[in-house]
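A.B. asks: structure of the sequence below:
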Amino acid sequence: MTTHQGKKQLDLFNDNPAGIWRWCRGFLSAILLIAPAILLYGLSIGFNTGFTVRIIGFVVLCSLGGLLLPLRGTSKIVRIFLGLLIGATLVSIGGRYARVSGYPFSMGWSEGNLFWNNSLFFIRDQYQVIGEHVVPNYVALGLALLRGLPYLISDRSIALHRTWEATLWIVPSLILGWALTHRWRTKVSWKHIAFLLWAYLFLAQGPIYPPLIIVTILVVLLTDGNKLARTATVVFIASLFAGLGRWTWMVAPAAYAILIIMLEDRELEISITEYTRKRFPSYFVILAVGLFGGLLSQAISVLVTHRPPFIYLGSMNHSLLWERLFPNPTFAPGILPALLVAVGPLFLLLIWAYASMRGRLHPVSTSLLILMGVVLLTGGVVVSVKIGAGGDLHDLDMFLIFLLILANDGVRRIIHGQLDRPELWPEFPRGLVLIAFATPILWTVATSQEVNLPPPGAGVEELQIISREVEDAVQEGDVLFIGQRQLLAFGFIDNVPLVPEYELVEVMDHAMAGDEAYFHDFYQDLEGGRFSLIIASGMSLEKHRVPHPFEEEGEAWKKFVAIKLFDWY
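C.D. replies: Numbers count the residues shown, from 1 in each chain. As a prediction, this is how the structure comes out:
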């Protein structure tokens, strides 16, 4: 009897799907894995005290949570790796949603005006407009349409729009990770989950704007080297949408489709001449339809916004601040050191893997791949040092996705036996695997910060003051909202005729370019007293004693805007 009861007790707590112990360890695992995000964003009791404390606490909690994951047939090291990935992903996601608030004023330099920009394509008819209702020069149609979708539900909830904005930074990256693993053509396992989460964290190092990720998802899911018509159609649609988001993105879908086809090409023994004859016509078709889709996107933008195409060509006049490649007040690590940390180990690992694998790429494919990487890297670096940029790695977006596609192909080759398993590799590349795996995790935890939101009800008194001032001023002349235009979009302030010109980001763009011609009419309006009230921020004329972030941008704003406002107002 005792033996029988003992056997029942062992069965009850055995690690099997129906056992109570399995559910208990799953519950404990969930608590431990979510604990770092709760401590950082919910309780704020220790994870913001310093890098060392945060990293050690994160590693301990998530390693224990990983060990308790109720996964059968996986080793302890695999569970620890999964625990770290899940914990870091929750920290990243938590950081996005922790910033959601109903606070009426802008919680970032241009956040409020971006909400207003999005509204122009959904609730434009609700504004009382003085003069022609022009769309600001920098507004990208694709970005605005995607970000403005909540206006279809409610045009009065700023919290809803902030929630949607956070979701756009999270969900597309997760879907792209899934889409990449879909090309493995294998049964779903913990490997798929691990790569999906790692891909999300890798892209979050940018971070990368959602439209580019969405078009990449389409290309990854539907590109097929044996189905040119389908691939070309997908590239056309993706390039059309990408061009609406940012005209420089319109080349990305064709580049990624050609890259995927080259990586999965199985005819490796043909001559260079034969390769050129067989492959180049397909590559040319894909590139051509991609460019056509991109050019069509600019034509659509002209029709919808009544602006010239390729609006960002004007930013060619912006200064290049090469010092931002290195540690600086705007981006503490600097573009190059941060890039080396974020992708350096993976880059070296990819070079070693593709050089040592069985069935290497065709020489022409290798040359095209190198050329593609150099162009994307160089373009991203140059854009990153333009005035107004360089605060993170997001301008290297196309290069980061390029590396992610290569990394996914490497994993696919390991699964299908075209590349030895990592445990059989020499010591150096094995070390690179660990570093490349850990870098996005550590980057996420190290850069996450406690969120200090305004308390409930904050901004009410200030909003009442502004409302009264606006109500009085509108009787005497035009009221200009340079910034804080979300107050109009979400109805915090009503019945104010909108002056569409002289919008915050557009004004800053021309200030950074030193475009004196643009400010001629603005200065005339100021001198003539056209505006009875101007809503603007960043009006300090004090000289900073020590270098500070975006100092060059601040000086441009001070020279072309702040000083002139103080001269006449």
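A.B. asks: can you map out the helices along the stretch 101-250 of the chain?
C.D. replies: 111-119, 141-147, 158-182, 190-204, 210-222, 228-245 (DSSP state H, counting those that start in this stretch).
A.B. asks: and what of the stretch 451-569 of the chain?
C.D. replies: 460-473, 486-489, 504-512, 519-527, 551-557, 563-568.
A.B. asks: who wins for proximity to residue 283 among those?
C.D. replies: Closest of the helices of the stretch 451-569 of the chain to residue 283 is helix 504-512, at 36.0 Å (criterion: CB to CB). All C-beta atoms are positioned from the backbone trio N, CA, C, and that covers glycine.
A.B. asks: the closest one versus helix 111-119: what angle between them?
C.D. replies: Put simply, helix 504-512 runs at 110 degrees to helix 111-119, going by axes from the mean of the first three to the mean of the last three CA atoms, to 10 degrees.
A.B. asks: and helix 504-512, what does it pack against?
C.D. replies: Helix 504-512 is packed against helix 111-119, helix 519-527, helix 551-557, with contacts defined by 3 or more CB pairs under 8 Å, 6 or more residues apart in numbering; DSSP states H and E.
A.B. asks: residue 161 against residue 115, yeah?
C.D. replies: Yes. Under the criterion of CB atoms under 8 Å, residue 161 makes contact with residue 115 at 5.6 Å.
A.B. asks: any idea how far residue 568 lies from residue 476?
C.D. replies: Distance, residue 568 to residue 476, using CB to CB, to the nearest Å: 15 Å.
A.B. asks: and the closest residue to residue 91 other than its chain neighbours, what's its pLDDT?
C.D. replies: Among residues not flanking residue 91 along the chain, residue 37 sits closest, at 4.9 Å (CB to CB, 6 or more residues apart in numbering). Residue 37 is assigned 93 on the pLDDT scale.
A.B. asks: can you name the element that comes right after the helix or strand containing residue 37?
C.D. replies: For residue 37, the enclosing helix or strand under DSSP states H and E is helix 20-37. Using DSSP H and E, the helix or strand that directly follows helix 20-37 along the chain is helix 51-67.
A.B. asks: output the contacting helices and strands for that next one.
C.D. replies: Going by 3+ CB pairs under 8 Å, 6+ apart, helix 51-67 lies up against helix 20-37, helix 76-97, helix 427-447.
A.B. asks: and the shortest one, C-alpha only, in PDB?
C.D. replies: What follows is helix 20-37, C-alpha atoms only, in PDB (Å, rounded to 0.1, in the frame of the first residue of the first chain):
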ATOM      1  CA  ILE A  20       0.400  19.700 -11.100                       C
ATOM      2  CA  TRP A  21       4.100  20.200 -10.800                       C
ATOM      3  CA  ARG A  22       4.300  21.200 -14.500                       C
ATOM      4  CA  TRP A  23       1.600  23.900 -14.000                       C
ATOM      5  CA  CYS A  24       3.400  25.100 -10.800                       C
ATOM      6  CA  ARG A  25       6.700  25.500 -12.500                       C
ATOM      7  CA  GLY A  26       5.100  27.200 -15.400                       C
ATOM      8  CA  PHE A  27       3.500  29.700 -13.100                       C
ATOM      9  CA  LEU A  28       6.700  30.300 -11.100                       C
ATOM     10  CA  SER A  29       8.600  30.600 -14.400                       C
ATOM     11  CA  ALA A  30       6.200  33.300 -15.600                       C
ATOM     12  CA  ILE A  31       6.500  35.300 -12.400                       C
ATOM     13  CA  LEU A  32      10.300  35.200 -12.600                       C
ATOM     14  CA  LEU A  33      10.500  36.100 -16.300                       C
ATOM     15  CA  ILE A  34       8.100  39.100 -15.900                       C
ATOM     16  CA  ALA A  35       9.700  40.300 -12.700                       C
ATOM     17  CA  PRO A  36      12.500  42.500 -14.300                       C
ATOM     18  CA  ALA A  37       9.900  44.400 -16.300                       C
END
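A.B. asks: that helix vs helix 76-97, what angle?
C.D. replies: Using the same axes, to 10 degrees: helix 20-37 against helix 76-97 is 50 degrees.
A.B. asks: list the buried residues for helix 20-37?
C.D. replies: 22, 25, 29, 32-37 (16 or more other CB atoms under 10 Å).
A.B. asks: just the second one next, same as before
C.D. replies: By neighbour count with 16+ other CB under 10 Å, helix 76-97 contains the buried residues 78-97.
A.B. asks: got it, and the last one?
C.D. replies: Neighbour-count burial for helix 427-447, counted by 16+ other CB under 10 Å, picks out 429, 432-433, 436-437, 439-445.
A.B. asks: and the residue nearest in space to the middle of the chain, what does it touch?
C.D. replies: Residue closest to the mean C-alpha point of the chain, counted by CA atoms, centre = their mean, is residue 208 at 2.3 Å. Residues in contact with residue 208 (CB atoms under 8 Å, 6 or more residues apart in numbering) are 173, 394, 397, 400-401.
A.B. asks: and what of residue 175?
C.D. replies: Taking CB under 8 Å, 6+ apart, one finds residue 217 in contact with residue 175.
A.B. asks: sorry, back to before: redo the helices of the stretch 451-569 of the chain as CSV? Include mean pLDDT and mean neighbour count.
C.D. replies: As requested, the helices of the stretch 451-569 of the chain are arranged in CSV below (pLDDT from 0 to 100; neighbours: other CB atoms under 10 Å):
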stretch, mean pLDDT, mean neighbour count
helix 460-473, 93, 13
helix 486-489, 94, 24
helix 504-512, 90, 22
helix 519-527, 93, 15
helix 551-557, 91, 18
helix 563-568, 90, 13
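A.B. asks: just how off-centre is stretch 99-110 within its chain?
C.D. replies: Centre-to-centre, stretch 99-110 and its host chain are 18 Å apart (CA atoms, centre = their mean, to the nearest Å).
A.B. asks: now do the same end-to-end measure for it.
C.D. replies: 15 Å (CA to CA, to the nearest Å).
A.B. asks: next: stretch 40-52.
C.D. replies: Where stretch 40-52 starts and where it finishes are 14 Å apart, if you go by CA to CA.
A.B. asks: could you pull up the mean pLDDT of that stretch?
C.D. replies: The model assigns stretch 40-52 a mean pLDDT of 66.
A.B. asks: same thing with stretch 449-456?
C.D. replies: Rounded mean pLDDT across stretch 449-456 is 83.
A.B. asks: what comes up buried for it?
C.D. replies: Here stretch 449-456 shows residue 451 as buried, counting by 16+ other CB under 10 Å.
A.B. asks: quick check: end-to-end length of it?
C.D. replies: 21 Å.
A.B. asks: can you give me how far it is from the chain middle?
C.D. replies: With CA atoms, centre = their mean, you get 22 Å for stretch 449-456.
A.B. asks: now swap in stretch 485-497 and tell me
C.D. replies: 29 Å.
A.B. asks: end-to-end on it?
C.D. replies: 12 Å.
A.B. asks: what does that stretch contact?
C.D. replies: With CB under 8 Å, 6+ apart, stretch 485-497 has contacts from 104-106, 111-113, 115-116, 119, 123, 127-130, 155-158, 463, 466-467, 470, 474, 478-479, 481, 498, 503-504.
A.B. asks: repeat that with 7 Å
C.D. replies: 104, 106, 112-113, 115-116, 119, 127-128, 130, 156, 158, 463, 466-467, 470, 474, 478-479, 481, 498 (CB atoms under 7 Å, 6 or more residues apart in numbering).
A.B. asks: the helices and strands packed on helix 504-512: which one's closest to residue 423?
C.D. replies: helix 111-119 (47.1 Å).
A.B. asks: now that closest one and helix 158-182, what's the angle there?
C.D. replies: Using the same axes, to 10 degrees: helix 111-119 against helix 158-182 is 80 degrees.
A.B. asks: can you start the count at 18 instead of 1 from here on
C.D. replies: Will do, 18 is the new start, and the previous item becomes helix 128-136.
A.B. asks: run through who's touching helix 128-136.
C.D. replies: Residues contacting helix 128-136 (CB under 7 Å, 6+ apart): 122-123, 153, 156, 161, 164-165, 168, 172, 175, 178, 500-503, 505-506, 520-522.
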